[in-house]
Structure formats: structure tokens, C-alpha cells
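Participant: Structure here, sequence nowhere to be found:
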């Protein structure tokens, strides 16, 4: 999808913690523009990475290369993990918004689309507790 550099920006809306699955990045990544081998949205060799969690406070922002290996663990907290992600690509590559979201939707399907009813039930329970 990407031929050149792209930039991602994460803005924390809520505090990120180990419990809610803070964003993790490979701290030893040497800048490169090659996508690492991956399958079904997961890095093939994720165990060899030196993962470092980024613990952020609301309003903190992280700017990083789209090629930087990054991931998040599942949210095991009683509240929601909330952050805003912005992605920018070079204008010479054109508007990749539709392509980007089609790819994300195909590779990172939502809990409902995966048929993960236990996860959806947990989400509903957390939402109900927050609203009461």
C-alpha cells in the first residue's frame, strides 16, 4: 500500500497503562522503509522485537513512522482504552484514505465481525457499568 514514508500520530484521550494495553513500539528498530513479514495483521517474528510500552497521559501525543513495528495488548481494564490515531501519507501517492480503511477493515476486523461474542459481551458490560 505505501511506497514512501507515512506518519502516524497517536493522541491519548485517556491514560495508557499496561492493563489497558498501552501502545508498544520496537525500541531497537532501525529506520527502514520495508514492511516486515506479517500475516493476518500480526508480525511473523514479533518475539524477536524489543517491545517498549508507551505510557501516556491524556493529551500526550506520539508521532512515529508507519513502518515502525507497533502493537497493543488486549484491553483488560474495566474502562475503555481511548486514543485518536491520525495517519498521513505523501501527497504524491494520492489520497489513500479509502485504500487504508479497506485494508484495516480486512486485516483488523472488529470483534463483532470476528464473531467474538465473549469480547462483545464484555464490552457491553463495561459500557453499562460506565453509564450507571
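Facilitator: Received the coordinates, thanks. What you see is a predicted model, and the numbers here were worked out from it, not measured in a lab.
Participant: Quick check: bridge partners of residue 24?
Facilitator: Taking DSSP bridges as the rule, residue 24 bridges to residue 53, residue 71.
Participant: dump the residue contacts of it.
Facilitator: Contacts for residue 24 (C-beta atoms under 8 Å, 6 or more residues apart in numbering) come out as 51, 52, 53, 54, 70, 71, 72, 73. Where C-beta positions appear, they are placed from N, C-alpha and C, glycine not excepted.
Participant: And for residue 97?
Facilitator: Taking C-beta under 8 Å, 6+ apart, we find residue 97 in contact with no residue.
Participant: Tell me, what's the model's pLDDT at it?
Facilitator: pLDDT for residue 97: 85.
Participant: Over to residue 118?
Facilitator: On pLDDT, residue 118 comes in at 65.
Participant: Model confidence at residue 45, what's the number?
Facilitator: The model reports residue 45 with a pLDDT of 56.
Participant: For residue 23, the count of nearby residues, please.
Facilitator: By other C-beta atoms under 10 Å, 22 other residues sit near residue 23.
Participant: nope, residue 102 is what I was after
Facilitator: Using other C-beta under 10 Å, residue 102 is surrounded by 12 other residues.
Participant: do residue 20 as well
Facilitator: Residue 20 is flanked by 20 other residues according to other C-beta under 10 Å.
Participant: try residue 104
Facilitator: Counted with other C-beta under 10 Å, residues neighbouring residue 104 total 12.
Participant: Going forward, count from 40.
Facilitator: All set: I'll call the first residue 40, so the last point we hit is now residue 143.
Participant: for it, helix, strand, or coil?
Facilitator: Three-state call for residue 143 (DSSP: H, G, I helix; E, B strand; the rest coil): helix.
Participant: quick one: it and residue 117, what's the gap?
Facilitator: 27 Å (C-beta to C-beta, to the nearest Å).
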